[in-house]
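> Here is a sequence with its predicted model. Questions after.
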Amino acid sequence: MKQDALLAKADRACASARALLDLGDADGACNRGYYAMFDAARAALVVADSKADSGKTHRGLINAFSERLVLTGLVKKETGRLLKRAEEIRLIADYRGDSIELDDARLLVEQASEFVAAMRALCAQKGV
């Protein structure tokens, strides 16, 4: 999948996350916020290294993102941590049966929007 399609998918996931927040569905909002970040990270990896293998798992993608974009300085460490933290929250919301507080979900959705914007800027900077 090309980076423009991945960024569009990330934008849709952000919009879905905001809509779920409006409905009071914190868990669903966290899920969609994480996937917005996941797809934006995939887009950035495609742009940074079109031959890069981002792995077949979420952990593989996060590791590749860290190795190829954070450790090389293309992405700030704080931004990279947002992706990892969002995955942790999504796992709680989706699999552990614990509900996420609405305020925590709002923060994650806000951070997801910022993350997607940062990855879009990185893609544009790389000439895409």
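Perfect, I can see it now. Computed from a predicted model, the values in this text were never measured in an experiment.
> I'd like to know how far A19 sits from G33.
12 Å (C-beta to C-beta, to the nearest Å). From N, CA and C alone the C-beta is placed, and that goes for glycine too.
> more neighbours, those two?
G33 (32 against 13; other C-beta atoms under 10 Å).
> pretty sure the more buried one is touching A86, no?
Yes: counting by C-beta atoms under 8 Å, A86 is a contact partner of G33 at 6.2 Å.
> which neighbours do those two share?
Counting by C-beta atoms under 8 Å, 6 or more residues apart in numbering, the contacts common to G33 and A86 are L108, Q111, A112.
> The nearest residue to the second one once chain neighbours are set aside: helix or strand, and which one exactly?
Taking C-beta to C-beta, 6 or more residues apart in numbering as the measure, Q111 lies nearest to L82, with 5.0 Å between them; neighbours along the chain are not counted. Secondary structure from DSSP states H and E places L82 in helix 77-91.
> Would you mark the buried spots in that helix?
The neighbour-count check on helix 77-91 (16 or more other C-beta atoms under 10 Å) flags T79, G80, L82, L83, A86, E87, I89, R90 as buried.
> same question, stretch 95-105
I100, D104, A105.
> Go through those residues and say which is closest to V46.
Lowest distance from V46 to those (C-beta to C-beta) belongs to A105, with 28.4 Å.
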